[in-house]
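Peer 1: How does the following fold in three dimensions:
(one chain, ligands or ions: 1)
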Amino acid sequence: MSEKLYPNIINGEHVPALSGKTLALQNPATGEALGMIPLSGADDIDKAVAAARSALNGKWGRQAASARTKILFKAAELMNARAKEIAELESRNMGKPVMHVMGEVKQAIEDFEYFAGAASKVEGRVPPVHPVFFGYTLKEPVGVVGAITPWNYPIMLESWKLAPALAAGCTVVLKPSEIAPCTANILVEILHEAGCPEGTINLVHGTGESAGAALVKHPGVNKISFTGGTDTGRAIMKECANDMKRVMLELGGKSPAIVCEDANLNDAVLSSVFTIFYSAGQSCEARSRIYVHDSLYDSFVEKFVAATKQLVIGDPLDKNTHIGALAHPSRLPIMQKFIEAAKQGGGKILCGGEQLKGGIYDQGCFFAPTVIVDLPEDNLCVQEEIFGPIVVISKFISDDDALAKANGVKYGLCATLYTENMPRATKFIRGLHSGIVTLNTPATALPGLPFGGVKQSGVGREMAMDTLESYLETKTVLSGVTGKPINPFGLTLS
Ligand code: NDP
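Peer 2: All right, here's what the predicted structure looks like:
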């Protein structure tokens with residue numbers, strides 16, 4: 001057992017949980033002991049929120065925006081200097097190939113740079129309301145933000161929340177997932193080193209049920225920014241309604257890819273292999289349903305399975321690995337549950353469908369990339385987020401058929417379209433119930449472009465000016481400018 005503790009960081013101090021309890025962490029690819037986190041509770045959250053409130057009332061939100069700009073640019077620079085260390089630790093913590101985490105760290109850095117620049121572009125407005133009044137708006141930080149993040153892209157998603165919240169002048173209490181919490185400590189250390197005053201950013205480790213729920217309930221928190229499962233998001237939204245906390249929810253998905261008969265077939269195959277199997281399918285925007293036009297279907301499936309069989313599954317620290325381990329042993333029975341549902345629904349498993357065994361696979365949680373066909377649209381594997389390396393491929397016969405199938409789930413995060421025909425693409429772009437539509441590319445998230453979903457995929461947008469706006473409140477100021485006496489009731493005073 002490794003004795004290393006990844007402590008809470010409250011008011012700039014590295015501290016254990018008040019209860020003294022800890023949780024041991026393991027590398028999901030090797031079983032190696034990685035250290036421990038404090039198992040914090042409501043009393044630890046109390047201290048962190050108090051520190052964040054005191055920092056909010058202190059200098060952070062009231063200083064010149066340019067000072068926050070400098071600190072956030074400095075944080076980006078420090079992250080760049082520690083990128084390799086962060087990527088290796090995250091890879092060991094949650095089983096993702098180190099080369100992929102490296103790309104995510106780069107994106108986290110770009111996010112800090114984007115919001116560092118944006119911090120000083122926040123402006124109120126002076127609407128021409130009425131000649132005898134001067135009215136204008138001020139933008140003020142929402143207040144203390146509770147950021148709750150998942151295990152699938154830890155440092156990147158933490159950055160998606162911390163960078164805009166800090167740029168807006170908010171202070172933050174971060175509760176990372178207990179499954180992949182290690183790199184949050186590096187991120188919070190970096191922010192202090194870059195110049196964030198004590199209490200501006202606080203880190204509290206622990207479970208969702210205990211530390212997470214206490215943060216959501218806390219009356220000293222003004223906004224919850226959450227990424228995770230739809231059911232957890234729904235519970236959080238209900239709880240936030242009690243005291244009208246602002247809420248941003250980035251939730252699950254069951255995103256479709258649509259391959260039209262005029263698509264470039266090889267590009268569509270290779271791109272679609274990436275959009276489901278990157279991160280072992282543990283992505284909210286994983287394109288886990290692929291709809292292929294009837295005329296291309298057989299060749300698409302044949303090429304897709306051939307490409308899937310070329311994927312290298314193994315040691316996440318090896319540069320050549322495409323798919324590492326699932327993030328936690330608890331994910332394996334979930335994969336098995338979906339495979340059973342596919343079999344019961346008459347689905348044909350063309351490859352994968354089981355946990356990998358033998359050699360290095362015996363030490364960790366590795367699941368074979370799985371391709372399923374011939375499933376009815378109401379099967380669990382078509383309707384529900386699997387969050388693993390399992391894809392369902394189906395046919396469509398017309399654009400309307402494709403749209404009906406793509407839109408026929410409760411989620412609406414990201415849809416990808418493969419076609420060379422722009423008028424047709426426009427019809428799909430307008431018809432898809434989705435927060436994001438991508439066209440002939442596997443890319444989904446770039447700083448500056450809003451990221452988020454419709455329907456049960458969430459509320460609000462990450463990564464863009466809309467995001468910064470969501471960490472601000474608008475204050476309206478109205479002043480009389482006529483210089484005339486004020487007596488709206490026509491009263492008489494001696
Ligand atoms: P959760 O939604 O349970 O967890 C996400 C975060 O919320 C974690 O930090 C978790 O803490 C915390 N949390 C859990 N319960 C509460 C609560 N009641 N109040 C406050 N915070 C809470 O995701 P799971 O890890 O359980 O995954 C379940 C499913 O969610 C996945 O199978 C996948 O379908 C989906 N998911 C989607 C993600 C996305 O990117 N949209 C990311 C992760 C999951 P902790 O883990 O420490 O208990």
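Peer 1: if I read this right, Thr441 contacts Ser271, doesn't it?
Peer 2: Yes. At 7.0 Å, Thr441 counts as touching Ser271 under the criterion of C-beta atoms under 8 Å. Every C-beta, even on glycine, is put in place using the N, C-alpha and C of the backbone.
Peer 1: Give me the common contacts of those two.
Peer 2: Thr416 (C-beta atoms under 8 Å, 6 or more residues apart in numbering).
Peer 1: Between the two, tell me which one has more neighbours.
Peer 2: Using other C-beta atoms under 10 Å as the criterion, Thr441 and Ser271 rank with Ser271 on top: 21 against 12.
Peer 1: Could you confirm that one falls within a helix?
Peer 2: Yes. Counting by DSSP: H, G, I helix; E, B strand; the rest coil, Ser271 is found in a helix.
Peer 1: residue contacts, whichever residue of the stretch 251-400 of the chain sits closest to the ligand?
Peer 2: In the stretch 251-400 of the chain, the residue that lies nearest the ligand is Cys284 (3.2 Å; C-beta to the nearest ligand atom). Taking C-beta under 8 Å, 6+ apart, we find Cys284 in contact with 152, 227, 250-253, 385, 413, 457.
Peer 1: restrict the residues you listed to contacts with the ligand.
Peer 2: Restricting the contacts of Cys284 to those touching the ligand (C-beta under 6 Å from any ligand atom) yields 152, 227, 250-252, 385.
Peer 1: residues from this structure in reach of the ligand?
Peer 2: Applying C-beta under 6 Å from any ligand atom, one finds that the chain approaches the ligand through 148-152, 175, 177-179, 207-209, 212-213, 216, 227-229, 232, 235-236, 250-252, 284, 385, 387.
Peer 1: Can you check the pLDDT for Met1?
Peer 2: For Met1, the pLDDT comes out at 61.
Peer 1: my bad, Lys484
Peer 2: 85.
Peer 1: I'd assumed Glu385 was in a helix, is it?
Peer 2: No. Glu385: not assigned to a helix; according to three-state DSSP it is coil.
Peer 1: Tell me how many other residues crowd it.
Peer 2: When neighbours are counted by other C-beta under 10 Å, Glu385 comes out with 23.
Peer 1: excluding its backbone neighbours, what's nearest it?
Peer 2: Closest residue to Glu385 apart from its sequence neighbours, by C-beta to C-beta, 6 or more residues apart in numbering: Gly252 at 4.1 Å.
Peer 1: who touches the one you found in this structure?
Peer 2: With the criterion set at C-beta under 8 Å, 6+ apart, Gly252 makes contact with 229-230, 284, 385, 387, 411, 413, 456-457.
Peer 1: 6 Å - rerun?
Peer 2: 229-230, 385, 411 (C-beta atoms under 6 Å, 6 or more residues apart in numbering).
Peer 1: hang on, Ala75 packs against Glu193?
Peer 2: No. Using C-beta atoms under 6 Å, Ala75 is not in contact with Glu193, being 8.1 Å away.
Peer 1: The longest helix along the chain: which residues count as buried?
Peer 2: Looking across the chain with DSSP state H, the single longest helix is helix 98-118. Residues 98-102, 104-105, 107-116, 118 are the ones in helix 98-118 that count as buried (16 or more other C-beta atoms under 10 Å).
Peer 1: So which elements touch whichever helix or strand comes after it?
Peer 2: Using DSSP states H and E, the helix or strand that directly follows helix 98-118 along the chain is strand 133-141. Strand 133-141 sits against strand 472-480, with contacts defined as 3 or more C-beta pairs under 6 Å, 6 or more residues apart in numbering; DSSP states H and E.
Peer 1: Buried residues, the strand it packs on. List them.
Peer 2: By 16+ other C-beta under 10 Å, the buried positions in strand 472-480 come out as Leu472.
Peer 1: which one is Ile276 nearest to, not counting chain neighbours?
Peer 2: Beyond its immediate neighbours in the sequence, the residue positioned closest to Ile276 (C-beta to C-beta, 6+ apart) is Val391, lying 4.4 Å away.
Peer 1: Help me confirm that that neighbour is found in a strand?
Peer 2: Yes. The assignment for Val391 is a strand, going by three-state DSSP.
Peer 1: all helices of the stretch 301-450 of the chain, in order?
Peer 2: Along the stretch 301-450 of the chain, counting by DSSP state H, counting those that start in this stretch, helices occupy 331-344, 380-383, 399-406, 422-431.
Peer 1: in the chain, which ranges drop under the pLDDT threshold?
Peer 2: Along the chain, the parts satisfying pLDDT under 70 run over 1.
Peer 1: let's see 90
Peer 2: For the chain, the stretches with pLDDT under 90 are 1-3, 58-63, 128-132, 480-485, 494.
Peer 1: Show me where the stretch 151-300 of the chain has its helices.
Peer 2: So, for the stretch 151-300 of the chain - with DSSP H, counting those that start in this stretch - the helices run 154-167, 182-194, 213-217, 230-241, 265-277, 297-309.
Peer 1: Can you tell me which of the ones you listed is packed in deepest?
Peer 2: Burial among the helices of the stretch 151-300 of the chain, expressed as mean neighbours by mean count of other C-beta atoms under 10 Å, is greatest for helix 154-167, which shows a mean of 27.
Peer 1: If I take that one and helix 182-194, what angle do their directions form?
Peer 2: 30 degrees (axes from the mean of the first three to the mean of the last three C-alpha atoms, to 10 degrees).
Peer 1: CA atoms of helix 154-167 as CSV?
Peer 2: The C-alpha coordinates for helix 154-167 follow below in CSV (Å, rounded to 0.1, in the frame of the first residue of the first chain):
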residue,chain,number,x,y,z
PRO,A,154,-10.1,14.8,-14.9
ILE,A,155,-7.7,17.7,-15.4
MET,A,156,-9.3,18.9,-18.6
LEU,A,157,-12.8,19.0,-17.2
GLU,A,158,-11.6,20.6,-14.0
SER,A,159,-9.9,23.3,-16.2
TRP,A,160,-13.2,23.8,-18.1
LYS,A,161,-14.7,24.9,-14.8
LEU,A,162,-11.9,26.6,-12.9
ALA,A,163,-10.6,28.8,-15.8
PRO,A,164,-13.9,30.6,-16.5
ALA,A,165,-15.0,30.7,-12.8
LEU,A,166,-11.7,32.3,-11.8
ALA,A,167,-11.7,34.6,-14.8
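Peer 1: Just want the angle from the longest helix of the chain to helix 154-167.
Peer 2: Helix 98-118 and helix 154-167 are oriented at 10 degrees to each other (the same axes, to 10 degrees).
Peer 1: outside of helix 98-118, which residues touch it?
Peer 2: 69, 72-73, 75-76, 79-80, 83, 86-88, 90-91, 153, 155-156, 159, 163-164, 167, 316-317, 319, 447, 468.
Peer 1: Now find how far off-centre it is within its chain.
Peer 2: Centre-to-centre, helix 98-118 and its host chain are 13 Å apart (C-alpha atoms, centre = their mean, to the nearest Å).
Peer 1: Dump it to PDB, restricted to CA.
Peer 2: Taking Å, rounded to 0.1, in the frame of the first residue of the first chain, the C-alpha atoms of helix 98-118 are listed here in PDB:
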ATOM      1  CA  VAL A  98      -0.500   8.700 -21.600                       C
ATOM      2  CA  MET A  99      -0.300  10.200 -25.200                       C
ATOM      3  CA  HIS A 100      -4.000  10.900 -25.100                       C
ATOM      4  CA  VAL A 101      -3.900  12.600 -21.600                       C
ATOM      5  CA  MET A 102      -1.000  14.700 -23.000                       C
ATOM      6  CA  GLY A 103      -3.400  16.100 -25.600                       C
ATOM      7  CA  GLU A 104      -6.000  16.700 -22.900                       C
ATOM      8  CA  VAL A 105      -3.500  18.600 -20.800                       C
ATOM      9  CA  LYS A 106      -2.600  20.800 -23.800                       C
ATOM     10  CA  GLN A 107      -6.300  21.500 -24.200                       C
ATOM     11  CA  ALA A 108      -6.600  22.400 -20.500                       C
ATOM     12  CA  ILE A 109      -3.700  24.800 -21.000                       C
ATOM     13  CA  GLU A 110      -5.500  26.400 -24.000                       C
ATOM     14  CA  ASP A 111      -8.600  26.800 -21.900                       C
ATOM     15  CA  PHE A 112      -6.700  28.700 -19.300                       C
ATOM     16  CA  GLU A 113      -5.200  30.900 -22.000                       C
ATOM     17  CA  TYR A 114      -8.600  31.500 -23.600                       C
ATOM     18  CA  PHE A 115     -10.200  32.600 -20.300                       C
ATOM     19  CA  ALA A 116      -7.100  34.500 -19.200                       C
ATOM     20  CA  GLY A 117      -7.700  36.700 -22.300                       C
ATOM     21  CA  ALA A 118     -11.500  36.800 -21.800                       C
END
